[in-house]
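Chemist: everything below, folded, please.
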Amino acid sequence: MIGPIKIGVLTPYSGVYPYYGHHLMAGMLSGIYPGAAKKNEIQFIPVYTKMGDPASVLEAVNRLVFFEQADIISGLISYQSIPDIIPVIERHNKIGFFFDMGEYIPWFNYLSPRIFYCSQQIWQSQYALGNWAAKEFGDGGMMIMTIYEAGYHISNTFHKGAMDAGVNRLNMHVIPHDKNEPKKMDLADFFSKIKKNPPPYVHAIFAGSVGNDFLLQWKQSGFHKQIPLVVVENMAYDDLLEDAAALDLELYSASTWSRNDENPHNAEFVKKFEKAGGQMANVFALLGYEAGLALREIKPLIQKRDWSKISDLLQKESITGPRGERNFYPASGFALPVTDIISVKTSSKGIYKTVISQGKGLKFDSEAFKEIHEGSVSGWQNPYLCI
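Modeler: Numbering: from 1, shown residues only. Have a look, this model is predicted:
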């Protein structure tokens, strides 16, 4: 008997979602097992990777490979860390199955046949949202974010979507960073700018509690309902937005997954996860579940440690899950997500979302994104929401 399947889980710090690692692992188990999970068949080995920088990730992968003897290396990772760990995974006959929020458009100088990806693809919903906002509200919108959000492709893909809709001008306001008060939200200059020259809409890009701080000041500013507010997908997640629900907000966003979607695959996932864990299903549980569905199909091969055949199958395999068809190997094309444009209204009684349009998607390797990859070199190495 070879023993349990060991899955190493890279877990960088996240003040936004401190328990995301638990949700990823619980989601994976829900996907792997149609019924109750079998005891002692799968062993998760979480390893802390600090802020998720490449050096910390490489150290963690080495520990999982050499000390823990992990079979599969998984967890939350930035594409910036992938090149450093490819030699370890390939040389020691392992499989990598990683998660990301989609802060970067995927781009691979070398595509390892041993590494697979499950992404929330926020860059896709940003492209669709920018395209819709430009068509709906016109030229001259204003994007606002902190230096942190400006360091990823999130604003670039919104901008690209708007440009592809035919607009000529999209302004950006980056809130100055105060080292002594990193969470300080000084919007005086921003409000002064839009008061002098009101834009047709404002697009807010914030991570975590800073997003709710912005929503509070936006509501108090007098611009609420005067200028349409369009927010990045993660600002409209139910579990984050509920803290600001009592503000009676009206805004727009994009969504690639809804807990309330009634398609059978999603309903099954939500019911199963929430019954087992006693918590509301979220995006991390979703990502883990999708990966689990893929691993379910090849579990007998994993138990035999037939990594060559596993690698070949995962390169071709697709699953039908809560978000529809999903595949996990970039060269197989990455199925385009269905992106809904949604109207969001909040009150003390609840959060109400209405689908008002269907978003437009583009393949990750589209020539349209070449300029972003060549002109948007970021210094940020930590995964999105890991602050």
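Chemist: remind me which residues of this structure are low pLDDT?
Modeler: Across the chain, the ranges flagged by pLDDT under 70 are 1, 376-379.
Chemist: can you pull out the strands in it?
Modeler: Taking DSSP state E as the test, the strands found in the chain are 5-11, 42-48, 72-76, 95-100, 115-119, 141-146, 170-175, 202-205, 229-231, 250-255, 318-321, 324-327, 340-347, 350-358.
Chemist: mind listing what's buried in the longest helix belonging to the chain?
Modeler: In the chain, taking DSSP state H as the definition, the longest helix is helix 283-304. When burial is assessed from 16 or more other Cβ atoms under 10 Å, helix 283-304 yields the following buried residues: 283-295, 298-299, 301-302. C-beta here means a position set from N, CA and C on the backbone, and glycine is covered the same way.
Chemist: equivalent analysis for stretch 207-222, please.
Modeler: Using 16+ other Cβ under 10 Å as the test for burial, stretch 207-222 gives 207-208, 210-215, 217-219.
Chemist: excluding chain neighbours, what is closest to residue 341?
Modeler: In space, and not counting its chain neighbours, residue 341 is closest to residue 357: 3.9 Å by Cβ to Cβ, 6 or more residues apart in numbering.
Chemist: next one: that neighbour relative to residue 78, how far apart?
Modeler: Distance, residue 357 to residue 78, by Cβ to Cβ, to the nearest Å: 31 Å.
Chemist: more neighbours: which of the two?
Modeler: residue 78 (26 against 17; other Cβ atoms under 10 Å).
Chemist: and the more buried one, what does it touch?
Modeler: Contact analysis of residue 78 by Cβ atoms under 8 Å, 6 or more residues apart in numbering lists 52, 100, 103-104, 380-384.
Chemist: residue 49 versus that one, what's the distance?
Modeler: 10 Å.
Chemist: go on, residue 198?
Modeler: 44 Å.
Chemist: the more surrounded of the two?
Modeler: Taking other Cβ under 10 Å, residue 198 and residue 49 do not tie; residue 49 has more neighbours (28 against 14).
Chemist: surely that one touches residue 10?
Modeler: Yes - between residue 49 and residue 10 there is a contact at 5.0 Å, judged by Cβ atoms under 8 Å.
Chemist: what sits in contact with each of those two?
Modeler: Common neighbours of residue 49 and residue 10 (Cβ under 8 Å, 6+ apart) are 57, 60, 75.
Chemist: residues near residue 374, how many?
Modeler: 9.
Chemist: would you mind writing the CA trace of stretch 352-367 as CSV?
Modeler: What follows is stretch 352-367, C-alpha atoms only, in CSV (Å, rounded to 0.1, in the frame of the first residue of the first chain):
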residue,chain,number,x,y,z
TYR,A,352,-30.1,42.3,-4.4
LYS,A,353,-28.4,41.5,-7.7
THR,A,354,-30.1,41.6,-11.1
VAL,A,355,-28.4,40.5,-14.3
ILE,A,356,-28.9,43.3,-16.8
SER,A,357,-26.5,42.3,-19.6
GLN,A,358,-24.1,39.6,-20.8
GLY,A,359,-20.4,40.4,-20.8
LYS,A,360,-17.9,39.9,-23.7
GLY,A,361,-14.9,37.7,-23.2
LEU,A,362,-11.5,37.3,-25.0
LYS,A,363,-9.1,34.3,-25.0
PHE,A,364,-6.1,34.9,-22.7
ASP,A,365,-3.6,34.6,-25.6
SER,A,366,-5.5,37.1,-27.8
GLU,A,367,-3.3,39.5,-29.7
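Chemist: centre of the chain to that stretch, how far?
Modeler: Distance of stretch 352-367 from the chain centroid (Cα atoms, centre = their mean, to the nearest Å) equals 15 Å.
Chemist: which residues sit against it?
Modeler: Residues contacting stretch 352-367 (Cβ under 8 Å, 6+ apart): 105-107, 124-125, 127-129, 131-132, 161, 236, 252, 254-255, 258, 260, 330, 333-334, 336-346, 368-369.
Chemist: give the buried residues for it.
Modeler: Going by neighbour count (16+ other Cβ under 10 Å), the buried part of stretch 352-367 is 353, 357, 359-362, 364-365.
Chemist: how about stretch 125-145?
Modeler: 125-134, 136-137, 140-145.
Chemist: OK, contacts around the nearest residue to residue 199 once chain neighbours are set aside?
Modeler: Distance criterion Cβ to Cβ, 6+ apart; nearest residue to residue 199, sequence neighbours excluded, is residue 142 at 4.1 Å. Residue 142 is in contact with 170-173, 193-194, 199, 201-203, counting by Cβ under 8 Å, 6+ apart.
Chemist: can I get those in a markdown table with neighbour count?
Modeler: Shown next, in a markdown table, are these (neighbours: other Cβ atoms under 10 Å):
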| residue | neighbour count |
| --- | --- |
| 170 | 22 |
| 171 | 15 |
| 172 | 15 |
| 173 | 15 |
| 193 | 16 |
| 194 | 19 |
| 199 | 21 |
| 201 | 19 |
| 202 | 25 |
| 203 | 29 |
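Chemist: output those as TSV; include the columns distance to residue 240.
Modeler: Output for the contacts of residue 142, formatted as TSV (distance: Cβ to Cβ, whole Å):
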residue	distance to residue 240
170	25
171	26
172	23
173	22
193	26
194	24
199	25
201	21
202	19
203	17
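Chemist: among those, which one lies nearest to residue 39?
Modeler: Distance to residue 39, by Cβ to Cβ, is smallest for residue 203 among the contacts of residue 142, at 48.0 Å.
Chemist: what sits against the closest one?
Modeler: Applying Cβ under 8 Å, 6+ apart, we find residue 203 in contact with 129-130, 133, 141-144, 158, 230-232.
Chemist: for residue 55, same thing?
Modeler: Shown in contact with residue 55 (Cβ under 8 Å, 6+ apart): residue 84.
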